[in-house]
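Chemist: compute the structure for the input listed below.
(one chain, ligands or ions: 3)
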Amino acid sequence: MTGISRRELLVGTGALLAAPAVGGFAARRAFAADGALKLSRLSHEVLPGTLTRDMMSFIPEGPAPVLRMRQGRPFSVDVDNRLGEAATVHWHGLRIPNAMDGVPYLTQNPIEDGKSFRYSFTPPDAGTYWYHPHCNTLEQIARGLTGVLVVEEDEDPGFDVDLPLNIRDFRLDGKGSFIEFYKPRNAARGGTLGTVSTVNWQVEPLHDLPAGALVRLRLAVTDLTRVASYDLASDLPGSPEGGSARVIALDSNPLPMARPARDILLAPGQRADIALRMPAREGATVTLTRSSPTGPVALATFRASGASVNRSLAELKPLRPNPNAEPDLANAETLDFLFGWTPSGDAPQRSICGSLGYTFWSINRVAWKGDVPGPLDPLAVMKHGRSYILRLRNETQNDHPIHLHGHTFKLLRSDKRPVPPLWTDTALLQAQETMEVALVADNPGDWAFHCHVIEHQKTGLAGFLRVEA
Ligand code: C2O
Ligand code: CU
Ligand code: CU
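Modeler: Numbering: from 1, shown residues only. Ligands and ions are numbered 1, 2, ... in the order given. A predicted model of the protein is given here:
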């Protein structure tokens, strides 16, 4: 077995890392139950031949480790903050107790530099998630603080290889130095796009994987800004020797019916699990691309190596649905949320969690003041155990991936397009679109509710919902 790059091996060093399990070459290692993350600054070669200084990661050695845990099993991790500034860690999509949710002031005090905080929880659902800071979020994510989090199913679905793909851009110049993380005029529109696209901090990585193997690609879009469609393209299209791929889950929730891995629209915060059957012919490739106005951009390539192991997508066990409570629509109360422009020239308050100094956006005409000590008013109060329909109305010309912490909700309908009844924690609300989603308010606490274009979040498009115990 060949083909794991030196860089992947480096990424896979350190006792706490779970390297992508590549055909048994790098054995899958579970994140230690009593592990630690050390939030650190580091220099790293992102753009080949250059060194990017002052990057941030969850470990001092390189990109964020893939965190692996098991559905229904307790997990804990000590987060040791060595960033030189305050931080928190949020576990995006996990339905865990509020005190572990990692939102400054709302659920915990920021972890100051040199201090540590122990997060302990039991993930109730399986799937592909991610983790990121929630304090000075724009800068810390821009510098690299995003990682993929995997909650493994109790029952092994039968893949040969499990490959998490942390998809994101960086804003770098040609020498690999950071340029300004955002431009205010963009923050007031669609957001500021990156200049260098990466997968697991690598520009266009090439993965050699066993020919004919079944690979679980876990796409996590952890970018600050970019909304785009993704495709998997075989270099032997239509040939039985080529690869084939199906989307099996979106935002951690299995699809009732797998769909072709084409035109997968993903916004910041969203994920897709893809079952890829590698080409049978040695050397044949499948390429992950992202659509752009000038044509597809290659992000990563998977190349068949060795004699075919001859697996077939039909051999995979279907993923079991997560135990989401079905909302009682007949008795649900409807709550309205308007995502719009900011009403006045409200300035955000200063905070140790950073402020961009501008307010451009609001929810229900209230702009989030920034991450400041409370008491703060919720946008809505829900009763524990009751069902709610959230009517999400976007009055703007921009896309807003709307994310709710601590809950999974079901898409009901849109006034713009057919929406399948999918479960998610982050719904892409397109320009001028109104969407209705439903949930059971089954997790008590104050839950952040915001746009996941971080420039929008940090310039007003944020708030929280309270679930009263
Ligand atoms: Cu991905 Cu409030 O978070
Ligand atoms: Cu979240
Ligand atoms: Cu937005």
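Chemist: with adjacent residues omitted, what lies nearest to the residue in the stretch 201-350 of the chain positioned nearest to ligand 3?
Modeler: Per C-beta to the ion, F339 is where the stretch 201-350 of the chain lies closest to ligand 3, at 7.1 Å. All C-beta spots, glycine's among them, are computed from the backbone N, C-alpha and C. Leaving aside its sequence neighbours, F339 sits nearest to N394 (C-beta to C-beta, 6 or more residues apart in numbering; 4.9 Å).
Chemist: still on that earlier bit, so which helix or strand takes in the residue of the stretch 201-350 of the chain closest to ligand 3?
Modeler: strand 333-341 (DSSP states H and E).
Chemist: again, but for N166
Modeler: Using DSSP H and E, N166 falls within strand 161-170.
Chemist: that strand vs ligand 1: in contact?
Modeler: No - legend: contact between strand 161-170 and ligand 1 by C-beta under 6 Å from any ligand atom is lacking; minimum distance shown is 12.6 Å.
Chemist: show residues contacting the strand holding F339.
Modeler: Around strand 333-341, the neighbours that count as contacts under C-beta atoms under 8 Å, 6 or more residues apart in numbering are 360-365, 379-380, 382, 386-396, 400, 402, 429, 436, 449, 451, 461.
Chemist: next, the buried residues of it.
Modeler: L335, F337, L338, F339, G340 (16 or more other C-beta atoms under 10 Å).
Chemist: ignoring the adjacent residues along the chain, who's closest to P343?
Modeler: Closest residue to P343 apart from its sequence neighbours, by C-beta to C-beta, 6+ apart: R365 at 4.9 Å.
Chemist: same question, T122
Modeler: P74 (4.9 Å).
Chemist: touching, that neighbour and S120? I think so.
Modeler: Yes - using C-beta atoms under 8 Å, P74 is in contact with S120, at 6.7 Å.
Chemist: okay, the strand holding F339 in CSV with CA atoms only?
Modeler: This file holds the C-alpha atoms of strand 333-341, laid out as CSV (Å, rounded to 0.1, in the frame of the first residue of the first chain):
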residue,chain,number,x,y,z
GLU,A,333,-46.8,27.6,17.6
THR,A,334,-45.3,29.7,14.8
LEU,A,335,-42.4,32.1,15.6
ASP,A,336,-41.4,34.7,13.0
PHE,A,337,-37.9,35.8,12.3
LEU,A,338,-36.9,38.5,9.9
PHE,A,339,-33.3,38.6,8.7
GLY,A,340,-32.6,42.0,7.4
TRP,A,341,-30.8,45.2,7.4
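Chemist: next structured bit after it?
Modeler: Remark: after strand 333-341, the chain's next helix or strand is strand 361-363, criterion DSSP H and E.
Chemist: show me how far that next one is from its chain's centre.
Modeler: Its chain's average C-alpha position is 22 Å from that of strand 361-363, according to C-alpha atoms, centre = their mean, to the nearest Å.
Chemist: packing partners for it?
Modeler: Contacts defined by 3 or more C-beta pairs under 8 Å, 6 or more residues apart in numbering; DSSP states H and E place strand 361-363 against strand 333-341.
Chemist: partners of the strand it packs on in the sheet?
Modeler: Paired with strand 333-341 in the same sheet, following DSSP bridges, are strand 361-363 (antiparallel), strand 387-394 (parallel).
Chemist: switch those strands over to a markdown table; also include distance to G49 and mean neighbour count.
Modeler: Listed next are these as a markdown table, based on distance: least, C-beta to C-beta, whole Å; neighbours: other C-beta atoms under 10 Å:
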| stretch | distance to G49 | mean neighbour count |
| --- | --- | --- |
| strand 361-363 | 39 | 24 |
| strand 387-394 | 42 | 21 |
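Chemist: got the contact list for the residue nearest to F339?
Modeler: Neighbours of N394 in contact, by C-beta under 8 Å, 6+ apart: F339, G340, H400, L429, Q430, A431, Q432, E433, T434.
Chemist: would you map the helices across the stretch 351-469 of the chain?
Modeler: Along the stretch 351-469 of the chain, counting by DSSP state H, counting those that start in this stretch, helices occupy 454-457.
Chemist: in its sheet, what does the helix or strand encompassing S120 sit against?
Modeler: Assigned by DSSP H and E, S120 belongs to strand 116-121. Applying DSSP bridges, strand 116-121 is found paired with strand 75-81 (antiparallel).
Chemist: so which elements touch the next helix or strand after the partner strand?
Modeler: Following strand 75-81 in sequence order, the next helix or strand is strand 89-92 (DSSP H and E). The contact analysis (3+ C-beta pairs under 8 Å, 6+ apart) places strand 89-92 against strand 116-121, strand 127-133.
Chemist: figure out which of those strands is closest to D173.
Modeler: D173 lies closest to strand 127-133 among the helices and strands packed on strand 89-92, at 24.1 Å (C-beta to C-beta).
Chemist: which positions in this protein make contact with ligand 1?
Modeler: Near ligand 1, when you scan the chain using C-beta under 6 Å from any ligand atom, you find H90, H92, H132, H134, G269, H403, H405, A448, H450, H452.
Chemist: give me the neighbour count for the first one.
Modeler: A count of neighbours around H90, defined by other C-beta atoms under 10 Å, yields 22.
Chemist: quick check: it touching H405?
Modeler: Yes - counting by C-beta under 8 Å, H405 is a contact partner of H90 at 7.5 Å.
Chemist: list residues touching both of these two?
Modeler: Common neighbours of H90 and H405, using C-beta under 8 Å, 6+ apart, are D101, V103.
Chemist: please, which helix or strand holds L276?
Modeler: Taking DSSP H and E as the definition, L276 sits inside strand 271-277.
Chemist: elements contacting that strand?
Modeler: For strand 271-277, the contact count by 3+ C-beta pairs under 8 Å, 6+ apart identifies strand 127-133, strand 214-221, strand 228-234, strand 244-250, strand 264-266 as packing neighbours.
Chemist: residue contacts, the residue of the stretch 101-250 of the chain at minimum distance from ligand 3?
Modeler: For the stretch 101-250 of the chain and ligand 3, the shortest gap (C-beta to the ion) falls at G191, measuring 7.3 Å. Counting by C-beta under 8 Å, 6+ apart, G191 touches Y182, L224, T225, R226, N398, V453, I454, E455, H456.
Chemist: if anything else comes up later, I'll come back, but that's it for now.
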